[in-house]
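Visitor: Turn this into a model:
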Amino acid sequence: MKALRDIAAYRPLLSRAVFMLTGVLLLSACATQQQIGPAPPPLLLHQGTDVEVADVDLLAVSPAMNEFLERYILQYKNRQTRVHLLTTAVTSSGVLGFDYDASRSLSAQEAFNARAGNCIGFANMMVALARASGLRASYQEVFRRPVWSSRGDTVLLMKHVNVVVEGTRMDYVMDVSGLDIHPSARRRLVDDNYAKALYLNNLGAEALLENDLPTAYAFMARAIEIAPMVTDSWVNMGVVFGRNEQLDDAITVFKRALEIDPYQYSAMSNLYEVYVEQGNLEAASVLQRKVERYRKNNPYYLLHLSDEALAEKQFDESLDLLRRAIRKQNDDHMLYFAMARTQYLSGERAAAEDSLGRARELAPQKMVAWYRRPLDELVAEHQAQQDSLTP
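Guide: Model prediction:
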C-alpha cells in the first residue's frame, strides 16, 4: 500500500510548519463504528468548490469476474481446491496474473480489469473473488516497522494490508506486494468499512498531493463518515486544514485523532507543528520530547536536519545525519543526491560522484537524464530552487 503518505506519512510544507499526512494505504483496528464527537469542520473555500464523492461498491463483481470464476474456480466443489486455484491464479504465470503498483488504489472491478493495483486494490479484488467463490475472506492489517517513501517535498509513511482466506485445514494469506514480512509480525483482521475508508483516504491523499483541497476534503470527510475510528483520516483531514491555513480546525481534528489513539504519533507531530506555527510554545513543549523521539526514526526528518546543518556549513553533522537516514531508507535517490550535494560542498568530490551514481541507479526513469548532468550544475540548480522558496 501506499501510505499519504500507508498515508501512508506525507509531509507537505506550510510555511515553517511541517504537516505529515498519514493513512495512505493503512488501516486501523477493527472496532464498533460510532462517531467520536462531531463531524469535521467545513473547509473554507470559495463558493462552487464543493465536491461530491460518488458511492462506490468496492467489492462488486463484474460479468468478466464471474466468467473467470465459472471457467477456472467454481467447477471445483472442494473449498481447499478453490483457495489453491485463486492463489495460483494471481501469480506472474497464473491465468489472471497481477502486477503490484503502489500508486493505484482501485476497486475490485478496476483491479481485475487492470490486473494491477496497490495492496488495497489487490485486497479488494481477492476478497470479492473469494467471497463470490463461496469462501470466507477478510482484510488483514500487517504491522511493520515504519517505512517511509517520498514524492517531491512530500513524505509517505507506508503501511500494509493483505487478505486472509479461510480454508478447510488452515487459513491462507494472499499478498502480492513482495514485501519481506517477518513471521512474528503482528496482524489483525479489519472489517469492510475500514477497507472502504482506506480506499477513500488514499484517493484523498492523492488529491492533496495535487493540492486539490476540495477533493481531498471530500474524500477524507467521507472516510470519516464511514469509519470514524480510523485515526489516519482525521490526521489527513488536519493536513488539509493546515494547507488551507485553517490552523484552529487543524488542531481540532489532530486532537480528535489523539482522543481515539493517544499514540498516533503523526497526529502528535502535526499538532506540535501547528502550535509552533501559532507561537503557542507552551503547548508545543508538552509534545516536544515524544515528537522528537518519533521523528528520529524518520529518514526524511533526518534529511531535513541535515539540510539545516548544511546551511550552517556544519558538513560533518550534515553527513552524519544523511548516513543515519540512508541506513533507515537505502533505496531513495533523494537521500543519495543529498549526500552527493553535501560531499561536493564539503570538498569530497570523488565520494560525491559515487553518491551521485547511486542516486542515478535508484532514480525513476524520467529523472535519469537529469542525474547525468554535471554535479556542479545540479548543486547550483538545487540551491537556486531552495533560494526561491526562502521568503
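
Visitor: Below-threshold pLDDT in the stretch 151-300 of the chain: ranges please.
Guide: Within the stretch 151-300 of the chain, the ranges that satisfy pLDDT under 70 run 151-158, 182-184.

Visitor: just the helices in it please.
Guide: For the stretch 151-300 of the chain, applying DSSP state H, counting those that start in this stretch gives helices covering 192-209, 213-226, 231-243, 247-260, 265-278, 281-295, 299-311.

Visitor: right, and those - which one's nearest residue 330?
Guide: Closest to residue 330 of these is helix 299-311 (CB to CB; 9.1 Å). All C-beta atoms are positioned from the backbone trio N, CA, C, and that covers glycine.

Visitor: quick one on the thing from earlier: for the helices of the stretch 151-300 of the chain, give me JSON lines that also has distance to residue 101 and mean neighbour count.
Guide: Listed next are the helices of the stretch 151-300 of the chain as JSON lines, based on distance: least, CB to CB, whole Å; neighbours: other CB atoms under 10 Å:
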{"stretch": "helix 192-209", "distance to residue 101": "13", "mean neighbour count": "26"}
{"stretch": "helix 213-226", "distance to residue 101": "20", "mean neighbour count": "23"}
{"stretch": "helix 231-243", "distance to residue 101": "21", "mean neighbour count": "31"}
{"stretch": "helix 247-260", "distance to residue 101": "29", "mean neighbour count": "21"}
{"stretch": "helix 265-278", "distance to residue 101": "24", "mean neighbour count": "23"}
{"stretch": "helix 281-295", "distance to residue 101": "29", "mean neighbour count": "14"}
{"stretch": "helix 299-311", "distance to residue 101": "23", "mean neighbour count": "20"}
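
Visitor: Same list (those) but as a markdown table, adding distance to residue 63.
Guide: What follows is the helices of the stretch 151-300 of the chain, written out as a markdown table (distance: least, CB to CB, whole Å):
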| stretch | distance to residue 63 |
| --- | --- |
| helix 192-209 | 22 |
| helix 213-226 | 27 |
| helix 231-243 | 33 |
| helix 247-260 | 41 |
| helix 265-278 | 41 |
| helix 281-295 | 48 |
| helix 299-311 | 45 |
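
Visitor: separation between the nearest residue to residue 53 once chain neighbours are set aside and residue 55?
Guide: Excluding the flanking residues, the one nearest residue 53 by CB to CB, 6 or more residues apart in numbering is residue 222, at 4.5 Å. Residue 222 sits at a distance of 9 Å from residue 55 (criterion: CB to CB, to the nearest Å).

Visitor: All set now, cheers.
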